[in-house]
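Chemist: Provided below are the primary sequence and the corresponding predicted coordinates.
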Amino acid sequence: MRKPDPTVEILSTGRYLPDCVVTNDDLAKRMDTSDEWIRTRTGIAERRIAPDGVNTAHMGANAGRAAMEKAGVEPGEVDAIILCTSTPDHWMPSTACEVQALLGCTNAYAFDVMAACAGYLYALSVAEGLLMANRAEVALVVASEKMSTIVDWNDRATCVLFGDGAGATVLRKANGSGRGMLSNVLRSDGNLSELLCRPAGGAAEPITQAVLDGSRHLVRMEGREVFKNAVRNMSEACDLALKKAGMTIDDVDLLVPHQANIRIIEAMAKYAGLPLEKVFINVSKYGNMSSASVPVALDEAQEEGLLAPGTNLLTVAFGAGLTWGASVIRW
Ligand code: COA
């Protein structure tokens, strides 16, 4: 099979993590849990929690600014801002428009994409389409999540898993250097939406006192089912993305997976036959930052010298919806 030409190129990455570190021991002081339980089940040691006043848009703008500075892109040069989040600051307008204002990207159109933890791969794909259709020359993809505002702090089985943070990337059309996105696979299964959701608080069941009393506006999850679906679907997406890129797992230099749980990551790597030395893992520091996990990991991997030009990167994510996807990128 002929190998595809790269479509779009990631020019730079950026991240923002709130300063406040909350350890497992901190959580154990407020609820019936322990560092040992959380570490052995998830690999998480601590997470960041954004204070009041540091919102999804602020974190996203900080990550976006960092990425733009690295790329040497001025605010006026950005044509499109695509922001993914499960924690928009407002239901109207989009958080992307707030980020646009904070960054001063006055020439950009801006909108949100909602695909939970897989949101970054969805947003990348949307950016790819816009760039390839000449609807933009420079696109900024931002993933920003203030998960601490939507988890149920009385549900120890979910609240310990999540954290706050933001990541961003600047993209443009590939310029023939051989670098860029080689494949992108996206999938959804709305039949399984109840496995991971916020049952109320939207148009179907607006906020009422009964909703608040029952915490139906907060995240609910069937952990075990989500776990099984995550491993199976991400593994299949990786296979498909590699096939579309004309590659096998042996061609992969680095896998950057969604950082939800070390056991999910290890199971996937085992299925794929990829040694853990080739897998970037930072879940212990941040927990699950939903869509921000992958771009934050990319930024850290780049900083650690793991993403030199020419590196074959496989990235994969999974989340509520259900939604999932994978992408092969020559860095
Ligand atoms: N601390 C201590 N005990 C806890 C706990 C906590 N934070 N959370 C749950 N428990 C208890 C449960 O109450 C249960 O007790 P019981 O046996 O007395 O009823 C026990 O631990 C086992 O619970 P269970 O849900 O079966 O654990 P598990 O091994 O499936 O692990 C998860 C739970 C959530 C860690 C695991 O299912 C998981 O990681 N799922 C995927 C979640 C995820 O990553 N979602 C996001 C995807 S984008």
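Modeler: The structure has been received and is ready for your questions.

Chemist: Tell me the residues on the stretch 1-150 of the chain that lie near the ligand, please.
Modeler: Residues of the stretch 1-150 of the chain lying close to the ligand (CB under 6 Å from any ligand atom) are 33, 37, 38, 41, 42, 117. Just so you know, the C-beta spots here come from the backbone N, C-alpha and C atoms, and that holds for glycine as well.

Chemist: How far off centre is the host helix or strand of residue 294?
Modeler: Residue 294 belongs to helix 293-303 when assigned by DSSP states H and E. Chain-centre distance of helix 293-303: 10 Å, with CA atoms, centre = their mean, to the nearest Å.

Chemist: same question for that helix, mean pLDDT?
Modeler: The average pLDDT within helix 293-303 is 98.

Chemist: so how far is the ligand from residue 249?
Modeler: The spacing between residue 249 and the ligand, counted by CB to the nearest ligand atom, to the nearest Å, is 23 Å.

Chemist: so where's this structure shaky on pLDDT?
Modeler: 1 (pLDDT under 70).

Chemist: For stretch 25-44, which residues meet the burial criterion?
Modeler: Of the residues in stretch 25-44, those buried under the neighbour-count criterion (16 or more other CB atoms under 10 Å) are 27, 28, 33, 35, 38, 41, 42, 43, 44.

Chemist: Just the closest of the residues you listed to residue 233, please.
Modeler: Nearest to residue 233 among the buried residues of stretch 25-44: residue 42, at 18.9 Å, using CB to CB.

Chemist: before we move on, back to that, now the buried residues of stretch 25-44 as CSV including secondary structure?
Modeler: Converted to CSV, the buried residues of stretch 25-44 look like this (DSSP: H, G, I helix; E, B strand; the rest coil):
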residue, secondary structure
27, helix
28, helix
33, coil
35, helix
38, helix
41, helix
42, helix
43, coil
44, coil
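
Chemist: What's the local residue count around residue 303?
Modeler: Residue 303 has 11 neighbouring residues, counting by other CB atoms under 10 Å.

Chemist: Then residue 8?
Modeler: Neighbours of residue 8 (other CB under 10 Å): 23.

Chemist: just residue 67 next, same as before
Modeler: 26.

Chemist: Make 734 the first number, not 1, from now on.
Modeler: Yep, numbering from 734; the last one is residue 800 now.

Chemist: now the residue nearest to it when sequence neighbours are not counted: how far from residue 1064?
Modeler: Nearest residue to residue 800 in three dimensions, chain neighbours excluded: residue 747, at 3.2 Å (CB to CB, 6 or more residues apart in numbering). Counting by CB to CB, to the nearest Å, the separation of residue 747 from residue 1064 is 16 Å.

Chemist: In terms of packing, which of the two has more residues around it?
Modeler: Here residue 747 and residue 1064 are compared on neighbour count by other CB under 10 Å; more neighbours surround residue 747, at 26 against 19.

Chemist: before we move on, back to that, ok, the residues of the stretch 734-883 of the chain next to the ligand vs residue 887, which is closest?
Modeler: For those, the nearest to residue 887 is residue 766 (11.9 Å; CB to CB).

Chemist: Test my guess that the closest one contacts residue 894.
Modeler: No: counting by CB atoms under 8 Å, residue 766 does not reach residue 894; the two are 11.1 Å apart.

Chemist: where does residue 1057 land in three-state SS?
Modeler: Residue 1057 - assigned by three-state DSSP - is strand.

Chemist: Grab the nearest non-local neighbour of it.
Modeler: Closest to residue 1057 by CB to CB, 6+ apart is residue 1051, at 4.1 Å.

Chemist: just residue 999 next, same as before
Modeler: Using CB to CB, 6+ apart, the nearest residue to residue 999 is residue 1009, at 6.9 Å.

Chemist: hmm, back to that, wait, does the helix or strand that contains the residue nearest to residue 1057 contact the ligand?
Modeler: Element membership of residue 1051 [criterion: DSSP H and E] is strand 1045-1052. Yes: under the criterion of CB under 6 Å from any ligand atom, the ligand is reached by strand 1045-1052 at 1051, 1052.

Chemist: Okay, angle between that strand and helix 1026-1036 too, please.
Modeler: Between strand 1045-1052 and helix 1026-1036, the angle comes out at 150 degrees (axes from the mean of the first three to the mean of the last three CA atoms, to 10 degrees).

Chemist: Determine the set of other helices and strands touching strand 1045-1052.
Modeler: helix 852-865, helix 956-977, strand 987-990, helix 1026-1036, strand 1056-1063 (3 or more CB pairs under 8 Å, 6 or more residues apart in numbering; DSSP states H and E).

Chemist: sorry, back to before: close enough to count as contact, the residue nearest to residue 999 and residue 995?
Modeler: No: with contact defined as CB under 8 Å, residue 1009 does not reach residue 995; the gap is 9.8 Å.

Chemist: who's more crowded, these two?
Modeler: Higher neighbour count among residue 1009 and residue 995: residue 995, with 18 against 12, using other CB under 10 Å.
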